[in-house]
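> got a predicted structure here, sequence first:
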Amino acid sequence: ENGSAAAIPIDPRFDIAYVTPVTIGTPPQTLYLDFDTGSSDLWVFSSHTPESQVRGQRIYSPEKSSTAKLLAGHTWSILYGDGSGSLGNVYTDNFTVGGVTVTSQAVQTAQQVSYSFTSQSEIHGLVGLGFSTLNTVFPNGQLTFFDNAKSTLDSPVFTADLKWKKEGTYDFGFIDETKYTGEITYLPVQTDPGYWTFTSSGYAVGDGAFHPASIVGIADTGTSLTYLPAEVVTSYWGQVDGAVDSDYYGGYVFPCSSKLPSFTFGVGPANITIPASYINYAQITEGSPVCFGGLQSSSWLGVNIWGDVALKAAFVVFNGANPPTIGWAKK
Ligand SMILES: O=C(NC1CCCCC1)N[C@H]1[C@H](O)[C@@H](N2CCCCC2)[C@@H]2OC[C@H]1O2
């Protein structure tokens, strides 16, 4: 059975993250979760989360679900690249997204969440869509929703059609031809250690010359911005009046009034162009004349990350066949 579900920006001002409605248990409990191709744990705020750490989030209460089963002796603990994290225990239960149901999905219930989760009332947990090798459940790692659902889908794929300051969609099991233009270019995926890792064929700043290069990076729906090698982002921000790489603000900032070029990245023989407006990410604080860039350096990270700023410029196919591939199309 295929499915389709909304990807809703959690903030009307800028795209920090996108959440998608899911139902868990019997009778169904609806939560809004952050679908994250950069991790592989499905965890939720729950009746096990201390009240002091819950601030407006919906919670999953396994004790109210007739189909919930404790996965005895299993725990989990995850730390994300931004320093946020959570930990807890594990149930299995019915899990449905956009009409696709997995009847015994591992649902990781949070017993602790870090402050950045507590402070985001719109995110009620995460659905990891990375490879199941990254799952942190101990002693037995659990399968992602996609890995569990794959065999029931017409095709072992899911697609991301994220949008700038608008609601997009995640589709499961099929490729909706109305959501993109031209051809989809498929690239090989390196599945070790478990991210959707691919190699971009280069970049161009605005209308400038295309620079062939091999940029190895991960496609990460759970990361707001895009992080690329220093020489790439330096050449981009060098074209923006007043742009500086600020230790104070933790990245490239620029005068909100400055004109930004677009950014094009290669996908095989094709390319995707990120409009300048997507790279004018957000004012430092409400009303500030200082703006924070959507393109930042990955030099401190050790990995290049194609986050939402890049993904929302494309229609992206996460093909879970053997071997997996990733498809990119203009839209
Ligand atoms: O840590 C990363 N990415 C890193 C960013 C820095 C550079 C390395 C990658 N992604 C996380 C994201 O920040 C979290 N956040 C929660 C609060 C609202 C915004 C989303 C959310 O939880 C896990 C995942 O998504």
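Thanks, I have it. Note that the structure is a prediction, hence the values are computed from the model and not measured. Residues are numbered from 1 along each chain as shown.
> contacts only, for residue 225.
281, 293, 294, 295, 296, 305, 307, 308, 309 (CB atoms under 8 Å, 6 or more residues apart in numbering). From N, CA and C alone the C-beta is placed, and that goes for glycine too.
> scratch that, residue 174 is what I was asking about
Counted by CB under 8 Å, 6+ apart, residue 174 has contacts 2, 153, 154, 155, 157.
> dump these into JSON lines; add distance to the ligand and neighbour count as well.
Putting the contacts of residue 174 into JSON lines (distance: CB to the nearest ligand atom, whole Å; neighbours: other CB atoms under 10 Å) gives the following:
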{"residue": "2", "distance to the ligand": "26", "neighbour count": "18"}
{"residue": "153", "distance to the ligand": "24", "neighbour count": "19"}
{"residue": "154", "distance to the ligand": "29", "neighbour count": "11"}
{"residue": "155", "distance to the ligand": "27", "neighbour count": "15"}
{"residue": "157", "distance to the ligand": "22", "neighbour count": "22"}
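> one step back: the ligand: which of the contacts of residue 225 is nearest?
Lowest distance from the ligand to these (CB to the nearest ligand atom) belongs to residue 305, with 5.5 Å.
> next, the one residue in the stretch 1-150 of the chain that gets nearest to the ligand: secondary structure please.
Residue of the stretch 1-150 of the chain nearest the ligand, by CB to the nearest ligand atom: residue 81 (2.9 Å). Of the three states, residue 81 takes coil under DSSP: H, G, I helix; E, B strand; the rest coil.
> any idea which element the most centrally placed residue in the chain lies in?
Central residue of the chain (CA atoms, centre = their mean): residue 221, 1.7 Å from the mean position. Using DSSP states H and E, residue 221 sits in no helix or strand.
> counting only strands, which of the contacts of residue 174 make the cut?
residue 157 (DSSP state E).
> got the contacts of residue 174 as JSON lines, with pLDDT columns?
Formatted as JSON lines, those follow (pLDDT from 0 to 100):
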{"residue": "2", "pLDDT": "97"}
{"residue": "153", "pLDDT": "98"}
{"residue": "154", "pLDDT": "98"}
{"residue": "155", "pLDDT": "98"}
{"residue": "157", "pLDDT": "98"}
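> quick check, nearest of the contacts of residue 174 to residue 178?
Checking these against residue 178 by CB to CB gives residue 2 as the nearest, at 14.7 Å.
> wait, what's in contact with the closest one?
With CB under 8 Å, 6+ apart, residue 2 has these contacts: 99, 100, 153, 154, 171, 172, 173, 174.
> how near is the fourth one to residue 324?
Put plainly, it is residue 154. 17 Å (CB to CB, to the nearest Å).
> picking that back up, so the residue nearest to the centre of the chain touches residue 162, yeah?
Yes - Residue 221 lies in contact with residue 162 (CB atoms under 8 Å); the separation is 6.9 Å.
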